[in-house]
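Participant: Structure for this input, please:
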Amino acid sequence: MPKVISDTTYSELKEQLNQLLSLYGPEKMRQVMGTMPAHTQPPLNITQAVRDVSFLEAIDSFFESAKFSGLSRTTQTTYRSEMKLVQKHVKEHLGDDPPFEKVTNGEFLSNYIKINEDLNTKAKKSSFLRTFIKTSYKKYYGHQDLGDLKTILRVRWSNDEAPKAFTKVQIAEILRIAQSRNHDSLYTAIIWTFLGSGIRINELCNLRIGDIEPETQTIKVVPKGAENTKKSRKINQLALMMLTDYIDKKYSQAREILSESKYEELYIFSSRAGGKPITSRAIQQFMKSIIHESRSIKDEDKDRLGPHSFRHSFAIQGLEAGIDIYTLAKLLGHESIDTTMNYLRFFDDQLREAINKHPFAREIIQQIRERLEKK
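Facilitator: You can find the predicted model right below:
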C-alpha cells in the first residue's frame, strides 16, 4: 500500500480507495490489509466502502442513466444490441447474474473482445464497454477511471488496418458507377452531399427540404447525440448545386400541391416520396455494391471502405487544400478540437508521405543519398 500523506483530505483518500477497490476488488484489498501491522489496519468495514453490485443491477442502472438517455436513438439501439451479446457471453462463462466486479475483470473482457477478428467490430464493442463501465463506475464507485481497462478496451490500428479515405481517383469511379445506375440520381446526390459537407450518414438520412439554405450554403443537421436540436453546417457550391437540382427534379410535383410548411418537412433522401427517410442500411448496402464493383479499389481495402469513408475523405482533402485544423473542426461539427485531432490521426502517414513528395524535400533527400554514397 502506498503511504498516505498526513494532509490528504478525506474525499481524496476515499477516491483513492475507491479506485483501488474497483481495480482489485474487496477480497484482495482485505488480503493486503491483513498483512499490514495491526495499528495500521483500518476497520474491516472500510474495505466495504463500495457495496457489491450485480451485473444485472449495473445493466438496469445504465439503461436508466442520463448518459444513455442523452445518446441518439441509433446509438441506443446499437448499445442495447451490444448489451444482449455481452449478457449472452457472461451467462455462458459466469452465470446469469454474477458480481459486476467479475464481469469487469480485465482478462474476461479481453477474451470477449478477442472473439471477433474484424477490427471494426472490436472497436465497436470496446467503445460500448467503455461507456457502460465508466457510467457504472461513476454511479457505484464515485469515479470514471478505467485504470488498466483503458488498454484492454482500446483497439490499436496498424497503418494497414486503419480506416481509409477514398482517393480522388476512387471517388471519380464511384460517381461514374452511381450515375450509371437507374435510381433517379438518388445516390449521385447522396454521394455529392457527403463529399461537399462531410456530414455523417445519420445526419444525411434525416435531412429535410427545409434544412437547406442555398443563399448561405448552409444545411441544418441533427447532430450525433442530440436528436432534439439542429446545427448549421456548410456545403460547397458544387455539392449544393447537385443537391438542389435533385430536390427540384424529385419534388417538383409535391411543391405544387403541398403547402410550403409541409413541403419543407419532406425528407430529401427518401424511397417513399419524402414521407420517411432513407435508411442508413440502404445507403451502406448500395455503397458496398459500388465499392466491390470499383476497379480502382484494392480487394483488401473493399471491406474497410464505406459511406463514412466520405467523411474521412472530406477531412483529409480539406487538410491537403490548406484548411486549418480549427476551421476543419467546425466544418466537421466537432465540439472539441481534440476530437478532430484524434479523428485525423489515422491519416498521419498519408500526410507524411505527401510532405516527402514536396520538391524541396525530394531535393534534400537526394543530397543526403549522394553524401552517403561518397562515404
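
Participant: Can you pull out the low-pLDDT segments for the chain?
Facilitator: 1-29, 36-51, 119-120, 154-163, 182-184, 225-227, 342-375 (pLDDT under 70).

Participant: what ranges do the strands span in it?
Facilitator: 212-213, 218-221, 231-234 (DSSP state E).

Participant: number of nearby residues for F269?
Facilitator: When neighbours are counted by other Cβ atoms under 10 Å, F269 registers 24. In this view, the C-beta of every residue, glycine as well, is placed from N, C-alpha and C.

Participant: so who does it touch?
Facilitator: Residues in contact with F269 (Cβ atoms under 8 Å, 6 or more residues apart in numbering) are L186, A189, I190, L204, C205, L207, P277, I278.

Participant: Can you show me the helices along the stretch 1-150 of the chain?
Facilitator: For the stretch 1-150 of the chain, the helices defined by DSSP state H, counting those that start in this stretch cover 10-34, 55-63, 66-69, 73-94, 100-103, 106-114, 119-141, 149-152.

Participant: Please identify the most buried of those helices.
Facilitator: Ranked by mean neighbour count under mean count of other Cβ atoms under 10 Å, the helices of the stretch 1-150 of the chain are led by helix 100-103, which reaches a mean of 20.

Participant: ok, and what's touching that helix?
Facilitator: For helix 100-103, contacts defined as Cβ under 8 Å, 6+ apart pick out 25, 52-55, 57-58, 86, 90, 94, 108-109, 136, 140.

Participant: and the gap between the nearest residue to P99 once chain neighbours are set aside and A58?
Facilitator: Leaving aside its sequence neighbours, P99 sits nearest to D52 (Cβ to Cβ, 6 or more residues apart in numbering; 5.7 Å). D52 sits 11 Å away from A58, going by Cβ to Cβ, to the nearest Å.

Participant: Dump the contacts of helix 100-103 to a markdown table, plus distance to P214.
Facilitator: Formatted as a markdown table, the contacts of helix 100-103 follow (distance: Cβ to Cβ, whole Å):
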| residue | distance to P214 |
| --- | --- |
| G25 | 60 |
| D52 | 60 |
| V53 | 54 |
| S54 | 56 |
| F55 | 53 |
| E57 | 53 |
| A58 | 49 |
| V86 | 46 |
| V90 | 53 |
| L94 | 57 |
| F108 | 54 |
| L109 | 50 |
| S136 | 47 |
| Y140 | 52 |
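
Participant: ok, those vs L238, which is closest?
Facilitator: For the contacts of helix 100-103, the residue nearest L238 by Cβ to Cβ is V86; the value is 44.8 Å.

Participant: wait, isn't P98 in contact with F55?
Facilitator: Yes: under the criterion of Cβ atoms under 8 Å, P98 makes contact with F55 at 5.4 Å.

Participant: what about the residue nearest to R255 when sequence neighbours are not counted, distance to I257?
Facilitator: Spatially, and ignoring its direct neighbours in sequence, R255 is nearest to Y263 (5.5 Å; Cβ to Cβ, 6+ apart). Plainly put, Y263 is 9 Å away from I257 if you go by Cβ to Cβ.

Participant: what is in contact with P98 and F55 at once?
Facilitator: Shared contacts of P98 and F55, defined by Cβ under 8 Å, 6+ apart, comprise V90.

Participant: what ranges do the helices span in the stretch 201-350 of the chain?
Facilitator: With helices called from DSSP H, counting those that start in this stretch, the stretch 201-350 of the chain shows them at 201-205, 237-250, 252-257, 260-264, 280-293, 308-320, 325-332, 337-343, 348-356.

Participant: Please identify the most buried of those.
Facilitator: With neighbours defined as mean count of other Cβ under 10 Å, the helices of the stretch 201-350 of the chain peak in mean count at helix 201-205, which reaches a mean of 22.

Participant: name the helices or strands packed onto that one?
Facilitator: Counting contacts by 3 or more Cβ pairs under 8 Å, 6 or more residues apart in numbering; DSSP states H and E, helix 201-205 packs against helix 186-197, helix 280-293.

Participant: Which elements pack onto the longest one?
Facilitator: In this structure, helix 280-293 makes packing contacts with helix 168-180, helix 186-197, helix 201-205, judged by 3+ Cβ pairs under 8 Å, 6+ apart.

Participant: 6 Å instead, please
Facilitator: Using 3 or more Cβ pairs under 6 Å, 6 or more residues apart in numbering; DSSP states H and E, the elements in contact with helix 280-293 are helix 168-180, helix 201-205.

Participant: can you list these in CSV and add distance to E215?
Facilitator: Output for the helices and strands packed on helix 280-293, formatted as CSV (distance: least, Cβ to Cβ, whole Å):
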stretch, distance to E215
helix 168-180, 27
helix 201-205, 21
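
Participant: of all the ones you listed, which lies closest to A321?
Facilitator: For these, proximity to A321 was assessed by Cβ to Cβ; helix 168-180 is nearest, at 11.7 Å.

Participant: quick one: buried residues of that closest one?
Facilitator: The neighbour-count check on helix 168-180 (16 or more other Cβ atoms under 10 Å) flags Q170, I171, E173, I174, L175, I177, A178 as buried.

Participant: quick one: the residue nearest to the fourth one when sequence neighbours are not counted from I177, how far?
Facilitator: The shortest distance from I174 to any residue other than its chain neighbours is 5.6 Å, reached at I290 (Cβ to Cβ, 6+ apart). I290 sits 5 Å away from I177, taking Cβ to Cβ as the criterion.

Participant: cool, R281 as well?
Facilitator: Going from R281 to I177 by Cβ to Cβ gives 20 Å.

Participant: do the same with E293
Facilitator: 6 Å.

Participant: do the same with L305
Facilitator: L305 sits 13 Å away from I177, going by Cβ to Cβ.
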